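Undergrad: Sequence first, then the predicted structure:
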Amino acid sequence: DAKTTQPNSMESNEEEPVHLPCNHSTISGTDYIHWYRQLPSQGPEYVIHGLTSNVNNRMASLAIAEDRKSSTLILHRATLRDAAVYYCILFDDSNYKLTFGKGTLLTVNP
Amino acid sequence: DTAVSQTPKYLVTQMGNDKSIKCEQNLGHDTMYWYKQDSKKFLKIMFSYNNKELIINETVPNRFSPKSPDKAHLNLHINSLELGDSAVYFCASSLGTLTTDTQYFGPGTRLTVL
């Protein structure tokens, strides 16, 4: 399975932007980059995904490096509700599965 | 309406018992999954069904048996429960198996084996 590397934890202040990095140097040409998050005591929740181009949705933006070996999830204005574990995942299209790593625990300070 | 629901939310049982966890999705999706999240919070896929057909079967003890009576349901039956089976089990569903298909997760079932 293609691997991703994320910092174990990050901290942010409320109302400030947050940039969550992810390295995926072994990504293959057809792997999509997915981000999910898991709020405390809840199931994971989809955030965003992309292939090559940067992507925006109502929750976040995804910036993908030109060589696709890294990506950054951007929360434009962090709120207390954004405190969660964020998972960067490469979708393995050879066997249809998401392989979750350790993720980044985001703490948002009021 | 809850998109992906699981019952029960909590399950406490003795070693050696047999138990089932039920999952239902009302999203009209073709693909459903079971994941296990252990005490260290690692989330691992166990099984996946697409149109009632098993497509992912990870290295899981054969005491675990998924059953999909129809596309909207994927149940997990566990025989001879062991202490190490204690975990949170999540059900999920997606439209299909494409790399762009989002997975929707249920709230989880916390299984405690005593």
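TA: That came through fine.
Undergrad: switch to C-alpha atoms for all contacts and neighbour counts from now on
TA: Will do.
Undergrad: Can you classify the residue of chain B found nearest chain A by secondary structure?
TA: Residue nearest to chain A within chain B (CA to the nearest CA): residue B:107, separated by 5.0 Å. Under DSSP: H, G, I helix; E, B strand; the rest coil, residue B:107 falls in the coil class.
Undergrad: Now for it: which residues touch it?
TA: By CA atoms under 8 Å, 6 or more residues apart in numbering or on different chains, residue B:107 lies in contact with A:42-43, B:4-6, B:9, B:90.
Undergrad: who does the longest strand along chain A pair up with?
TA: For chain A, the strand with the greatest residue count under DSSP state E is strand A:84-92. According to DSSP bridges, strand A:84-92 forms sheet pairs with strand A:32-38 (antiparallel), strand A:97-98 (antiparallel), strand A:104-109 (antiparallel).
Undergrad: Now the closest residue to chain B within chain A. Nearest residue, chain neighbours left out?
TA: Relative to chain B, the nearest point of chain A is residue A:43 (5.0 Å; CA to the nearest CA). Distances taken as CA to CA, 6 or more residues apart in numbering or on different chains place residue B:107 nearest to residue A:43, at 5.0 Å, with adjacent residues excluded.
Undergrad: quick one: low-confidence parts of the chain?
TA: Because you didn't say which chain, this covers chain A. Counting by pLDDT under 70, chain A contains low-confidence ranges at A:1-2, A:95.
Undergrad: other chain: chain B
TA: B:1.
Undergrad: can you map out the helices along it?
TA: Using DSSP state H, no helices are found in chain B.
Undergrad: just the residues of it that are near chain A, which are they?
TA: B:41-45, B:56, B:90, B:97-100, B:102-108 (CA under 8 Å from any CA of the partner chain).
Undergrad: switch the cut-off to 6 Å
TA: Contact residues, chain B versus chain A (CA under 6 Å from any CA of the partner chain): B:43, B:97, B:99, B:105-107.
Undergrad: Identify the farthest-apart pair in these.
TA: Set against one another by CA to CA, these have their most distant pair in B:99 and B:107, with a gap of 23.2 Å.
Undergrad: So what's the residue count around residue A:72?
TA: As a burial measure, residue A:72 scores 19 neighbours (other CA atoms under 10 Å in any protein chain shown).
Undergrad: if we can go back for a sec, from residue B:91, how far out is the residue of chain A closest to chain B?
TA: Relative to residue B:91, residue A:43 is positioned 9 Å away (CA to CA, to the nearest Å).
Undergrad: Mutual contacts of the two, please.
TA: B:105-106 (CA atoms under 6 Å, 6 or more residues apart in numbering or on different chains).
Undergrad: the more surrounded of those two?
TA: Higher neighbour count among residue A:43 and residue B:91: residue B:91, with 33 against 22, using other CA under 10 Å.
Undergrad: mind listing what the residue nearest to the spatial centre of chain B touches?
TA: The residue lying closest to the centre of chain B (CA atoms, centre = their mean) is residue B:34, at 3.0 Å. Residue B:34 is in contact with B:46-47, B:90-91, counting by CA under 6 Å, 6+ apart.
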